[in-house]
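K.L.:
Any chance you can model this:
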Amino acid sequence: MEFKRTNMAGMLRKENIGDEVVLMGWVQIIRKLGSLVFIDLRDTTGISQIVVRQSNEKVYGKTKDISKEYVIEVKGKVSERESKNPEMPTGDIEIIADKLNILDTANTPPIYIKDDDNVSENMKLKYRYLDLRKPESQGKLKLRAQVVKTIRDYMYDNNFIEVETPMLTKPTPEGARDYIVPSRVNKGRFYALPQSPQLMKQMLMIAGLDRYYQVVKCFRDEDLRANRQPEFTQLDMEMSFVDQEDVLSINEGLIKTLFDKFTDYDLKLPLDRIDYKEAMEKYGSDKPDLRFGFCINDISDLFKDSEFKAFKDNTVEGHSVRAINFNGQSENYSRKQISKLEDFTKDYGLKALSFIKLNEEGYQSSIKKFLNDELLENIKKRLNAKENDLIIIAADKDKTVLEGLGALRRKVAKDQNAYEKEYALCWVVDFPMFEYSEQEERYVSQHHPFTKPNEEDIKYLLDKPEKVRTQAYDIVINGDEMGGGSVRINNSSLQKKVFEALKLTDEEIENKFGFFIEALKYGTPPHAGIAYGLDRLMMLFAKTDNIKDVIAFPKTQSATDPLTEAPSIVDNDTLDELGITVNDRPVSEE
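P.N.:
Below is the predicted model of the structure:
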């Protein structure tokens, strides 16, 4: 570089007219119009128009060799533009080039460097360094940096200490699948990459740090979807000598701070709280989307004496007949479209849907021959149904019906843009301690085994684990779980009792958690915490439904990286050094 940069391209305004400046950046566009050459010079702040005049022969000659995405430096004077561009922040000015140097040439990029490029996701990820040159992509990363700074300021102001916890840790059960790292020094032994810093942050409380937080990478080897990545970032925190109310209060303050700064929404506190059971019964999800209605209603009692066997048989314990009134949606769904909704819910285990369409002439229904006037009126009354409403009914096991109808209410709301609010936030509380795993034929932790049970339910731990509720809480925003946490167990005897309820043997407890059980014996304060999915929060503030948009270098749905081609084959010498043998080893392309 011949010069020192004096200004950023996107920051120049009328006030700079007459200034001598040096800009450096990429050529967005070059237009050669006879005796004048116009260059749109781009850097991370925006674009300034550079004007090269033929009268400046040395500079004008260099423009013959310049093309898009060349890296250049320009020295010149800021002047007022004759033909202003109100669409550009710098549209009132231009730089008359006095000197120009090419800092690097560029091949023709395989993707367009513009926001509306229409390029496939795989190409974007393969050339992510080019995709990140786009203003929209950079804008999301800048927003992320601002959000993280705001979080850190809030945590500092509330007396939290930032502490880093290790990336190489001990594999533990009762969670998602770990990423395993072999040890060369201790051949045959393995580390795990942390799914979260759960045990470490609890030990920081045992250590007396009182309030801890960190913005930390976590890893889970699980199937991916739009809002999940194999490596993700958490805002993690833990507090001592607090109860659930303290944690919810401090976190509502944090969420309010973020909403005030990064949205125009006036968030009111305290946030609504919904019992887990109510969330499941009413919305079919433990992360209910409250931006719209379409609530689920139990109408089993109306069909106890019905002649419709498919419904009557599902009025017994553990089964149910439930319905949603999709208010005002009757005209939006033909029989063919309802059939498509039925196909959709089959993915959730529902075998069939029934419908009642209310209209000016009366009603249409797939179960009309089983509906007498009294039953129809009772259904309408229960669901507060009126003309132009669409009632969808399902009957099956409780879990199947609730999950199926819960997914259906979300789909219809999205398809019909039936949202009544821009944002809807709530806490879901009183989660079950355990859920039964058919695969493992035992109860497993719904959150994790360090969650403290509700005091009145501890008596059920060993005999009736299905009745145990926990002091756990999730924060849900627009139907997405943004964070979750709990009050923790702070004595070794209760912790061992929970392990016993999970059918872990003494040997398993010692091997997996011995170090932690030992730590609990030396005076553990009551403590509680929460962890947020920072990437999901960023999706919310960046207004995107794709988590890849808010991560600098994300993975694909198959957990691969098109840019670096990871994961890759490791050579045999490295494997031998680690003491690892790979079955069905793929052939290297080298």
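K.L.:
State which strand of the chain is the longest.
P.N.:
strand 20-33 (DSSP state E).
K.L.:
mind checking how far it is from the chain centre?
P.N.:
Offset of strand 20-33 from its chain centre (Cα atoms, centre = their mean, to the nearest Å): 38 Å.
K.L.:
next SSE after that strand?
P.N.:
The helix or strand immediately downstream of strand 20-33 is strand 36-43, counting by DSSP states H and E.
K.L.:
in the helix or strand just after that next one, what counts as buried?
P.N.:
The element immediately downstream of strand 36-43 (helix or strand, assigned by DSSP H and E) is strand 46-53. Neighbour-count burial for strand 46-53 flags 46-52 (criterion: 16 or more other Cβ atoms under 10 Å). All C-beta atoms are positioned from the backbone trio N, CA, C, and that covers glycine.
K.L.:
quick one: which of those is nearest residue 288?
P.N.:
residue 46 (41.2 Å; Cβ to Cβ).
K.L.:
List the contacts of the closest residue to residue 88 other than its chain neighbours.
P.N.:
In this structure, residue 88 finds its nearest non-sequential neighbour in residue 47, 6.5 Å apart by Cβ to Cβ, 6 or more residues apart in numbering. Contacts for residue 47 (Cβ atoms under 8 Å, 6 or more residues apart in numbering) come out as 9-10, 28, 40-41, 88, 90.
K.L.:
can you pull up the bridge partners for residue 47?
P.N.:
residue 42 (DSSP bridges).
K.L.:
any idea how far it lies from residue 67?
P.N.:
From residue 47 over to residue 67 the distance is 17 Å, taken as Cβ to Cβ, to the nearest Å.
K.L.:
Residue 154 too?
P.N.:
With Cβ to Cβ as the criterion, residue 154 and residue 67 are 47 Å apart.
K.L.:
How about residue 491?
P.N.:
70 Å.
K.L.:
same check, this time on residue 555
P.N.:
Taking Cβ to Cβ, one finds residue 555 at 33 Å from residue 67.
K.L.:
quick one, which of these two is more surrounded?
P.N.:
Between residue 555 and residue 67, counted using other Cβ atoms under 10 Å, the more crowded position is residue 555 (20 against 11).
K.L.:
Neighbouring strands - and their directions - for the longest strand of the chain?
P.N.:
Here, using DSSP bridges, strand 20-33 pairs with strand 36-43 (antiparallel), strand 71-80 (antiparallel).
K.L.:
max-length helix in the protein?
P.N.:
Of all the segments of type helix in the chain, defined by DSSP state H, the longest one is helix 135-157.
K.L.:
Next, the angle strand 36-43 makes with that helix.
P.N.:
Counting by axes from the mean of the first three to the mean of the last three Cα atoms, to 10 degrees, helix 135-157 points 30 degrees away from the direction of strand 36-43.
K.L.:
next structured bit after helix 135-157?
P.N.:
Criterion used, DSSP H and E; the element after helix 135-157 is strand 161-162.
K.L.:
Name the strands paired with that next one and say parallel or antiparallel.
P.N.:
Assessed with DSSP bridges, strand 161-162 is paired to strand 211-219 (parallel).
K.L.:
how much distance is there from the strand it pairs with to the middle of the chain?
P.N.:
16 Å.
K.L.:
what residues does it touch?
P.N.:
148, 151-152, 155, 158-165, 167, 178-179, 193-197, 201, 204-205, 230-240, 534.
K.L.:
do the same with stretch 316-324
P.N.:
Against stretch 316-324 from outside (Cβ under 8 Å, 6+ apart): 294-300, 302-303, 311, 313-315, 379, 382-383, 391-398, 401-402, 405, 408-409.
K.L.:
ok, now stretch 537-555?
P.N.:
Contact with stretch 537-555 is made by 121, 125, 128, 132, 137, 140-141, 143-144, 147, 224, 226-231, 235, 258, 262-263, 477-478, 480, 482, 535-536, 561, 563, as judged by Cβ under 8 Å, 6+ apart.
K.L.:
quick one: buried residues of that stretch?
P.N.:
Residues of stretch 537-555 classed as buried: 537-542, 547-551, 554-555 (neighbour count, 16+ other Cβ under 10 Å).
K.L.:
for stretch 219-233, same thing?
P.N.:
Those would be 219-220, 224, 227, 229-233, for stretch 219-233 by 16+ other Cβ under 10 Å.
K.L.:
next one: stretch 557-576
P.N.:
560-563.
K.L.:
Repeat that for stretch 372-391.
P.N.:
For stretch 372-391, the neighbour count (16+ other Cβ under 10 Å) marks 375-376, 379-380, 382-383, 385, 389-391 as buried.
K.L.:
Filter those down to just the ones in strands.
P.N.:
Using DSSP E, the buried residues of stretch 372-391 in strands are 390-391.
K.L.:
any chance of the buried residues of stretch 372-391 in a markdown table, with pLDDT and distance to residue 446 too?
P.N.:
Shown next, in a markdown table, are the buried residues of stretch 372-391 (pLDDT from 0 to 100; distance: Cβ to Cβ, whole Å):
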| residue | pLDDT | distance to residue 446 |
| --- | --- | --- |
| 375 | 95 | 38 |
| 376 | 95 | 39 |
| 379 | 97 | 34 |
| 380 | 96 | 37 |
| 382 | 97 | 31 |
| 383 | 97 | 31 |
| 385 | 97 | 35 |
| 389 | 97 | 35 |
| 390 | 98 | 34 |
| 391 | 98 | 32 |
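K.L.:
where in the protein is pLDDT low?
P.N.:
For the chain, the stretches flagged by pLDDT under 70 are 173-175, 226, 587-590.
K.L.:
if you set the cut-off to 80 instead, what comes out?
P.N.:
The chain contains residues with pLDDT under 80 at 117, 172-176, 223-227, 584-590.
K.L.:
Spell out, range by range, the strands that occur in the stretch 151-300 of the chain.
P.N.:
161-162, 179-182, 190-193, 211-219, 231-240, 272-275, 296-298 (DSSP state E, counting those that start in this stretch).
K.L.:
now the stretch 301-450 of the chain
P.N.:
Taking DSSP E, counting those that start in this stretch as the test, the strands found in the stretch 301-450 of the chain are 319-326, 354-359, 362-365, 390-397, 425-429, 434-437, 442-445.
K.L.:
So what's the gap between the fifth one and the chain middle?
P.N.:
By that I understand strand 425-429. That offset, for strand 425-429, works out to 17 Å (Cα atoms, centre = their mean).
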